[in-house]
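Student: predicted model follows, preceded by the sequence.
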Amino acid sequence: MNGTGAACSVCGQAKFFVSCIDCRVPLCEGCARFELLAEGCGTVVPAYFCPDCAVNPLVNPNAAFRDDF
Ligand SMILES: [Zn+2]
Ligand SMILES: [Zn+2]
C-alpha cells in the first residue's frame, strides 16, 4: 500500500471504479457486481457490491436468485 489512490480489493489492479455499497471496499469495474435492488413499491435502486456481498443474502436481497458463482 502506498496510500495514493485505491486499488481494487479483489484483483488488486489500481483501477478504482466504485466502492461496495455495503462493506465499502474499493472495486474495479470488472469486479464490481451490479444489482438492481427493489425498494418498496416499484422502486429499483442501482447498487454495486463486492463479490462477497453479492452472494450474501443478508446484504443483497437478490443473492438467493443468483447461481453464477
Ligand atoms: Zn478488480
Ligand atoms: Zn462488500
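Tutor: All right, it came through fine. Ligands and ions are numbered 1, 2, ... in the order given.

Student: next structured bit after the least confident helix or strand in the chain by mean pLDDT?
Tutor: Among the helices and strands of the chain, strand 33-39 carries the lowest confidence by mean pLDDT, DSSP states H and E, at a mean of 91. Moving toward the C-terminus from strand 33-39, the next helix or strand (DSSP states H and E) is strand 43-49.

Student: give the pairing partners of that following strand; include direction for each.
Tutor: Strand 43-49 has the following sheet partners, assigned by DSSP bridges: strand 33-39 (antiparallel).

Student: quickly list what residue 39 is bridged to.
Tutor: In this structure, residue 39 bridges to residue 43 when assessed by DSSP bridges.

Student: stretch 52-59 and ligand 2 in contact?
Tutor: Yes - legend: contact between stretch 52-59 and ligand 2 by CB under 5 Å from the ion is shown at residue 53. Yep, even glycine has a C-beta here, placed from its N, CA and C like the rest.
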